[in-house]
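> structure for this input, please:
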Amino acid sequence: MRVKTGSLTFQATTALAPYLRVKLTNGKLVAAGATDNEIGTLEQRVLAADDYAAVVPKNAEGTVKMVANGAIAQYASVYGAAGGYVDDVVNENFIGMAMIATAASGDHIEVLRQTKADELDQLGAIDGNVVIDCDFTNDYPAAATALDVGGTSPWIKLETNGLGVIESAEANGVVKCVADAVAEAATAAFWMPSMPIEMDAHPIVEFLVAVFDIGDAAALDINFGISGEGHATDFDASTNYVAFHLDGSDLSVTCQSKATATVAAVDSLVDLVDDTYAILKIDVTDKADAKFFINGVRVCASTTFDLTGWTAMASPIVHVEKSSNDTTFDVRADRIRAQWARS
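The predicted model follows:
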């Protein structure tokens, strides 16, 4: 890497068009994906692999040239798109405002980088939302003892049989819900009733979670979501909930809710990858149409998850249960973040 005023210079992995969003892979430049956190944009074309190229960093002043993925209106919000492009299709990677209009894919576009209000709130830059951000970095006690979860608010846990909610040896700390191979009903769950969410306050909850053992029987149920209660044996028996759901022996993710009416599990068409963390987000900014996102991409968009009948308070929850069966499970949470408007 070389540094000059206003830009950084790196070697590129391959030839690249000018003005693409780029990131580093193994120390060399590649085009950034739709939800990748790019380091900046190319100042010029890269003719061949291993050539050096100047990059305008994300924090540079003023506007920056990028490449549009299609027609974009002037002053529209733009987001990351595949191949280093930008688009007006909404995802988790908000880039900024289009200062000029484009007509077709490949057009160059002038963009004013911006930061969303909720991102500023994460940094404590503005008042407005209540933000609960728990990064599970502590060591956690064994089953049948209190769950001392790090973060801005305490959590409680529920355990029946199995191994329960226990500590992990992972270096950055996680919370594990686990069960052993004993033919019995078992539940491992944790939630945060002491800092309840107001469902009319446009909550958004995000989970950084992974499944390390999906078990070998449909007797197993896994839920990551929002619930009005921590039900001991059957998550679906809760009065109100909105959640991502998985069944044992199947890494496919479904989405479900119960409030105004019950919406049975809808296939998201996304499978989790074993032993790999994913970001699952539930957005209830519109209570009449809760939205689900997996790794920044909306899923089940054609289904309406109406929560307007939900009047009680609620909490983020991770809930894993099995009926009388000897299947094992190992479900882990690394971080959970919730925010909602102040009343």
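> and the closest residue to residue 247 other than its chain neighbours, what is it in contact with?
Computed as Cβ to Cβ, 6 or more residues apart in numbering, the closest residue to residue 247 that is not its neighbour in sequence is residue 218, at 5.2 Å. From N, CA and C alone the C-beta is placed, and that goes for glycine too. Neighbouring residues of residue 218 by Cβ atoms under 8 Å, 6 or more residues apart in numbering: 247-250.
> for residue 327, state which of those residues is nearest.
Nearest to residue 327, judged by Cβ to Cβ, of the contacts of residue 218 is residue 248 at 5.6 Å.
> that closest one against residue 211, yeah?
No. Residue 248 lies out of contact with residue 211 (Cβ atoms under 8 Å); the separation is 10.2 Å.
> any shared contact partners between these two?
With Cβ under 8 Å, 6+ apart as the test, residue 248 and residue 211 both reach residue 222.
> sorry, back to before: for the residue nearest to residue 247, helix, strand, or coil?
Using DSSP: H, G, I helix; E, B strand; the rest coil, the structure places residue 218 in coil.
> can I get the contacts of residue 218 in JSON lines with distance to residue 309?
Output for those, formatted as JSON lines (distance: Cβ to Cβ, whole Å):
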{"residue": "247", "distance to residue 309": "26"}
{"residue": "248", "distance to residue 309": "30"}
{"residue": "249", "distance to residue 309": "33"}
{"residue": "250", "distance to residue 309": "30"}
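> may I ask which of the residues you listed has the most neighbours?
residue 248 (21 neighbours; other Cβ atoms under 10 Å).
> contact partners for the residue lying closest to it once chain neighbours are set aside?
Setting aside the residues directly before and after it, residue 248 is nearest to residue 220 in space (Cβ to Cβ, 6+ apart), at 2.8 Å. Neighbouring residues of residue 220 by Cβ under 8 Å, 6+ apart: 214, 247-249, 320-322, 325, 327, 329.
> among those residues, which lie within strands?
247, 320-322, 325, 329 (DSSP state E).
> so can I have JSON lines of these showing pLDDT and distance to residue 342?
Listed next are the ones in strands among the contacts of residue 220 as JSON lines, based on pLDDT from 0 to 100; distance: Cβ to Cβ, whole Å:
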{"residue": "247", "pLDDT": "92", "distance to residue 342": "38"}
{"residue": "320", "pLDDT": "93", "distance to residue 342": "32"}
{"residue": "321", "pLDDT": "91", "distance to residue 342": "34"}
{"residue": "322", "pLDDT": "90", "distance to residue 342": "39"}
{"residue": "325", "pLDDT": "87", "distance to residue 342": "44"}
{"residue": "329", "pLDDT": "90", "distance to residue 342": "37"}
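> any chance of the residues you listed in CSV, plus distance to residue 291?
Output for the ones in strands among the contacts of residue 220, formatted as CSV (distance: Cβ to Cβ, whole Å):
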residue, distance to residue 291
247, 22
320, 24
321, 26
322, 29
325, 33
329, 27
